[in-house]
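Undergrad: Any chance you can model this:
(one chain, ligands or ions: 1)
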Amino acid sequence: MNLTFRQLKVFESVVRHLNYTNAAKELHLSQPAVSMQIKQLEEQTNMPLIEKIGKKLYLTEVGQEMYNYARSTLQQLLDLEETIAQMKTLQQGHLKLAVASTANHFVIRLLARFAKDYPKISISLDVTNRSLLLELLEKNECDLVIMGRPPEGRNLTALPFLENPLVVVSYPDHYLAKKKLVSLQELSLEEFVVREQGSGTRSAAERFFSDHNLEFKTKMDMSNNHAIKHAAEEGLGLAIVSLHTLELELKAKTLKIVNAEGFPIYRHWYVVQREGKRLSPIATVFKDFIMQRTDQIIQDFNIPLRATI
Ligand code: PGA
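TA: Take a look at the predicted model:
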């Protein structure tokens with residue numbers, strides 16, 4: 001069968017009114033046009049749908065079935081229109097975000113503000129490392145990603161929106177934490193606790209040491225920033241972490257920033273999407289929100305932005 005929505009709409013109206021003239025009026029059509037649509041529908045089904053006995057219209061048995069399906073199909077179409085309208089006006093929708101583990105520390109604050117402005121929106125957040133984020137983008141499994149600068153040649157669009165300073169930290173009594181300035185030579189004699197392979201923080205640190213032709217002595221790797229910071233507090237090694245992850249430890253003075261030559265390493269946070277991705281209305285609004293509101297929100301929460309040693 002090759003039915004059209006128009007035929008179903010005309011049929012539903014005729015049956016509701018049990019009258020061709022009234023249906024034609026409701027649909028702003030001529031009566032012959034209405035009769036033609038019904039005739040075409042009957043040709044499609046190859047069965048009579050409406051019968052006229054005396055002056056009255058009646059539904060045949062097949063006509064009754066057609067009417068039931070026509071009503072539910074048209075209702076679904078109305079529901080779809082309503083859903084689209086709500087998505088356009090941000091009354092509903094789902095935002096699928098993925099962020100680097102390190103960015104998670106401030107992204108949750110951004111989301112808390114955003115969710116207040118758009119309470120009807122649902123959000124899912126995937127927190128993982130850089131290489132897995134690139135996979136998610138490749139598979140088109142999220143709307144937007146927040147991460148360090150993505151590599152070239154992957155058909156991604158990336159907008160920078162915040163600095164990400166990486167600093168060296170140690171427990172407060174470490175002898176290097178007490179020095180005014182730690183040279184690169186001194187730093188290269190130390191052992192570090194580092195993030196797992198695939199982490200952007202780790203590759204930035206590796207690049208820093210290799211650019212300076214220095215050895216980067218790594219003692220242990222760990223898959224999240226909490227573990228790394230804890231390890232540094234316990235003296236398992238020095239650590240290189242984003243300043244954005246240090247809010248609590250700096251306040252509680254359980255970690256200290258080591259004033260090392262060449263640090264902070266300044267990376268940036270980017271909001272990233274696939275080229276050609278057609279963002280939903282809510283994802284578009286969230287992207288604008290990140291670009292415009294991040295600085296203010298970070299200041300409101302006193303998240304450290306600059307290294308004060
Ligand atoms: P992370 O950070 O993968 O080390 O959590 C992301 C980045 O700096 O690119």
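Undergrad: Going by C-alpha atoms from here, please, whenever you check contacts or count neighbours.
TA: Fine.
Undergrad: Test my guess that S223 contacts V193.
TA: No: between S223 and V193 there is no contact under CA atoms under 8 Å: 10.7 Å.
Undergrad: Which of the two has more residues huddled nearby?
TA: Taking neighbours as other CA atoms under 10 Å, S223 and V193 compare with V193 leading, 23 against 16.
Undergrad: per-residue confidence for the more buried one?
TA: At V193, the model reports a pLDDT of 97.
Undergrad: give the contact list for whichever residue of the stretch 1-150 of the chain sits closest to the ligand.
TA: In the stretch 1-150 of the chain, the residue that lies nearest the ligand is G148 (3.3 Å; CA to the nearest ligand atom). Counting by CA atoms under 8 Å, 6 or more residues apart in numbering, G148 makes contact with A100, R130, G200, R267, H268, W269, Y270.
Undergrad: again with L250
TA: By CA under 8 Å, 6+ apart, the neighbours of L250 are K256.
Undergrad: Also L236?
TA: F192, V193.
Undergrad: is it true that E275 touches A158?
TA: No: with contact defined as CA under 8 Å, E275 does not count as touching A158 (9.3 Å).
Undergrad: D295 touches L162, doesn't it?
TA: Yes: using CA under 8 Å, D295 makes contact with L162 at a distance of 7.5 Å.
Undergrad: Neighbour count: the two, which is higher?
TA: Taking other CA under 10 Å, D295 and L162 do not tie; L162 has more neighbours (18 against 14).
Undergrad: Tell me the bridge partners for that one.
TA: Applying DSSP bridges to L162 gives these bridge partners: W269.
Undergrad: Hmm, it is touching V271, no?
TA: No: distance between L162 and V271: 9.7 Å, which falls outside the contact criterion (CA under 8 Å).
Undergrad: What parts of this structure come near the ligand?
TA: Listed as neighbours of the ligand in the chain under the rule CA under 6 Å from any ligand atom: A100, S101, T102, N129, R130, M147, G148, S199, G200, T201, R202.
Undergrad: want to throw the residues you listed into a markdown table with secondary structure, pLDDT and distance to G237?
TA: Shown next, in a markdown table, are those (DSSP: H, G, I helix; E, B strand; the rest coil; pLDDT from 0 to 100; distance: CA to CA, whole Å):
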| residue | secondary structure | pLDDT | distance to G237 |
| --- | --- | --- | --- |
| A100 | strand | 95 | 23 |
| S101 | coil | 91 | 21 |
| T102 | coil | 92 | 19 |
| N129 | coil | 90 | 22 |
| R130 | helix | 91 | 23 |
| M147 | strand | 96 | 26 |
| G148 | coil | 94 | 25 |
| S199 | coil | 91 | 18 |
| G200 | helix | 91 | 19 |
| T201 | helix | 93 | 16 |
| R202 | helix | 95 | 15 |
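Undergrad: Cheers, nothing more for now.
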